[in-house]
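> how would this look folded up:
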Amino acid sequence: MNCERAEEHLSAFLDHALDSQSHSDVQAHLAQCSRCQAILDEYRANDQLLVTLPRVAPPAALRARLFRSPEYQAILADLDARDASQRDASGAPPLLFPTPQPAHDTPSPLSAGAAQGATVGAEAMPRRGSLPPWARVALPAAAAVALALGGGYAALHRAPSSRTTTGHGISTFGDPGQNGIPLAAGPRVVYERSGTLWSAQERGGSLAQALTPQGTRVAGWAVSPLVSASNARLVVYVDARTGAIHLIRSDGQGDRVIGSVSGGITLDASFWASARGQAINAGLSWSPDAARIAYLATDATGNMRLHVMNADGSNDQAITAGAPALPSAATWSGDSLWLAFTQTSQVGQTLWALDVNRQRSYQIAAQADPTDTRAAVTRITWLATPGNPALTWAARDGESITGIFAAHVLSGTSAQRLTPDATSLTAADFSATNGGGTWLAANGSAIFTVAPFGAGWAPAGTAPAAISHIAWAPTGAYAALAGGGQVALWSASQGMLPVSHPISGAVAPVWSSDGLRLAYTTGDGVTLLRLYNGGLAATVAQVRAPGATAVRWAPDSQSFAVAMPSGVLVVASNGTAPRLVDTSPADGGALAWSNAR
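Below you'll find the predicted structure:
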């Protein structure tokens, strides 16, 4: 490789974005070319300078003047009118719930009298692939800026900041539901604190800002999937005071009620502390296409039901009949056409699958594990089997995984046990990206693969210590293992791959979405690993975050958020520029990422 070709690849080489052959060619050239090595060193130094640059944000008063201007409001009103006109003329077919089919012969939790909501045209839902609202208003908004600001920017720039400071020391532009100012665009980490949802930018100098309006107290909440790069995420949440289900945009705009979890019963503190209240908190579930929401609600008698509705609140259907049995949060299939859920009663736990459009249910298993009445489903997922829906799940009793199972929904046959009888496991995780899907399981330090409806149970190696956590990379290329304070990687082609340095007390491995970065929580913080060509992993940074309870990577894999007792931290993917965005902890340590636009 000559210098000209090498220079073209230096940037990608520094980012570890080359294929293995090109990477090796550049590396060999650098070993004998001091000129190209000097250029690479300059690139690396520039990257470090960029990381340390101060963050600049526009003054709060500028945002307020811009987004409150009559010109900007007129633009939004005009766009809303155009959208409404297009919807009225669309004539699109119904999106959800055609005429119900006859019930399956199996005893079913389906409500015999489920109310039929009005159908909704496809155009009533956001049209994926169309220009995002911000892109559509970009040019006219620029004109509005000029009209609204005129020549007054200098005076505005000199004016004192209008930010307010909360009792927790967090600067905020105020309540978005009250002042109408959208939060800044881009990826934002979302979390709950003291009944309010907060969010903070992935990049920039601003601290956390309130996402939900004053006067609401958040119970359960969930962020919609990111369907495409231009798709802005939505947040659905339950107001604990009223039971109302709200939908709000990730920029804090458009908050509205789309349903309710209350059947007229009192929703006091004791209710939310009960098993029913906690089930509702955990029961909000978006379909992968972001078009539907499954949720749990009480009926007038206090019994629980599983509901499904369109993301705009239309076609709300009670899917299960009210019964003392407690339904679980629903797991959607990848095509958004099926749901899996459990129902738990005094006599045990049953497993169900539901064809959402046909409203037809199937009992998959009378018990999570036929050999252990105390076992409960701990992980359930749909297999990628188009036209032949199938499920796989793991059952747990206390600290032990008692077995892994699989079942075809429409076959009418009993569930198949994939692990040997009387074999308990210490950890297991499933990857849907390897062929028809593969479990990786640990029995102490012994590692096994488990293939549903395939090769079944097979030895896969021995880990350096007893394994307590397993996590597959999103790509399915590697799995991370942790146990006994030690860390290792595993791949089907290479087997066990030790990490370059021991990590004391490492648990709970969390992968970035690109499958190249890995974070482990430890007693005093977070340790970051980076995978290089050949699957070799090296420790790149250790971030001090005492008592870290959760780590969540941003969708672009360029940063991650950490929940800890002293607050919420946002850190660059290489461990630099840690930024404390909140000095109070996230309730329950739950973190998610949105994409405001």
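
> ok, which stretches of this protein are helices?
3-14, 20-32, 34-52, 60-67, 70-88, 133-149, 153-158, 176-179, 269-273, 275-282 (DSSP state H).

> which one of these has the lowest average pLDDT?
Lowest mean pLDDT within those: helix 153-158, at a mean of 32.

> got the phi/psi numbers for R358?
Main-chain torsions, R358, degrees, to the nearest 10: phi -90, psi -10.

> Could you find the closest non-adjacent residue to H469?
A482 (4.4 Å; C-beta to C-beta, 6 or more residues apart in numbering). The C-beta positions use only the backbone N, C-alpha and C, and glycine is treated the same way.

> from memory that neighbour sits against P464, does it?
No: checked against C-beta atoms under 8 Å, the pair A482 and P464 is beyond contact range at 10.4 Å.

> Of those two, which one has the most company?
Counted by other C-beta atoms under 10 Å, A482 and P464 do not tie: A482 has more neighbours, with 25 against 16.

> where does the stretch 301-450 of the chain have low pLDDT?
322-323, 434-435 (pLDDT under 70).

> related to what we said a few turns ago, list the contacts for the residue nearest to H469?
Contacts for A482 were tallied using C-beta atoms under 8 Å, 6 or more residues apart in numbering; they are 467-469, 506-509, 520.

> Could you list the low-pLDDT ranges of the stretch 451-597 of the chain?
Judged by pLDDT under 70, the stretches of the stretch 451-597 of the chain that qualify are 500-506, 534-535.

> all strands for it, in order.
456-462, 469-472, 479-483, 486-491, 495-498, 507-511, 517-522, 525-531, 537-544, 550-553, 559-564, 567-572, 579-582, 592-596 (DSSP state E, counting those that start in this stretch).

> sorry, back to before: make JSON lines from the contacts of A482 and add distance to G204 and neighbour count to it.
Shown next, in JSON lines, are the contacts of A482 (distance: C-beta to C-beta, whole Å; neighbours: other C-beta atoms under 10 Å):
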{"residue": "I467", "distance to G204": "39", "neighbour count": "26"}
{"residue": "S468", "distance to G204": "37", "neighbour count": "16"}
{"residue": "H469", "distance to G204": "33", "neighbour count": "20"}
{"residue": "A506", "distance to G204": "31", "neighbour count": "24"}
{"residue": "V507", "distance to G204": "31", "neighbour count": "15"}
{"residue": "A508", "distance to G204": "28", "neighbour count": "18"}
{"residue": "P509", "distance to G204": "28", "neighbour count": "25"}
{"residue": "Y520", "distance to G204": "27", "neighbour count": "26"}
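
> Among those residues, which pair sits farthest apart?
I467 and Y520 (13.3 Å; C-beta to C-beta).

> any idea how far G589 is from H23?
With the distance defined as C-beta to C-beta, to the nearest Å, H23 ends up 38 Å from G589.

> nope, Q359 is what I was after
For Q359 relative to G589 (C-beta to C-beta), the value is 36 Å.

> before we move on, the earlier item: tell me what the residue nearest to H469 is bridged to.
Taking DSSP bridges as the rule, A482 bridges to H469, V487.

> go on, S594?
R188.

> Show me the domain layout of the protein.
The chain breaks down into these domains under automatic domain parsing: 3-52, 60-165, 166-290, 463-584.

> end-to-end on stretch 495-515?
End-to-end distance of stretch 495-515 (C-alpha to C-alpha, to the nearest Å): 17 Å.

> what does stretch 212-223 give?
So stretch 212-223: terminal residues 13 Å apart, C-alpha to C-alpha.

> And stretch 391-409, by the same measure?
End to end - C-alpha to C-alpha - stretch 391-409 spans 7 Å.

> Pull out the buried residues from that stretch.
Within stretch 391-409, the residues that qualify as buried are 391-397, 401-409, counting by 16 or more other C-beta atoms under 10 Å.

> Let me know the closest of those residues to Q278.
For the buried residues of stretch 391-409, the nearest to Q278 is R396 (17.9 Å; C-beta to C-beta).

> isn't that closest one right next to D372, touching?
No: the criterion here is C-beta under 8 Å, and R396 misses it with D372 at 9.4 Å.

> Residues in a beta bridge with D355, which ones?
Listed beta-bridge partners, D355: W338, R360 (assigned using DSSP bridges).

> Hmm, I typed the wrong one, I wanted W457.
Beta-bridge partners, per DSSP bridges, of W457: V450.

> Run through the residues that contact it.
Here W457 is in contact with 418-420, 448-450 (criterion: C-beta under 8 Å, 6+ apart).

> at 10 Å instead, please
W457 makes contacts with 404, 417-420, 423, 439, 441, 448-451, as judged by C-beta atoms under 10 Å, 6 or more residues apart in numbering.

> try Y43
Y43 makes contact with 10-11, 13-15 under the criterion C-beta under 10 Å, 6+ apart.

> What's the PyMOL syntax to select whichever of those are buried?
This is the PyMOL syntax for the buried subset of those, where burial follows 16+ other C-beta under 10 Å:
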select buried, resi 10+13
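
> Distance to W457 added to the contacts of Y43, as a markdown table?
Below are the contacts of Y43 laid out as a markdown table (distance: C-beta to C-beta, whole Å):
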| residue | distance to W457 |
| --- | --- |
| L10 | 47 |
| S11 | 46 |
| F13 | 42 |
| L14 | 43 |
| D15 | 40 |
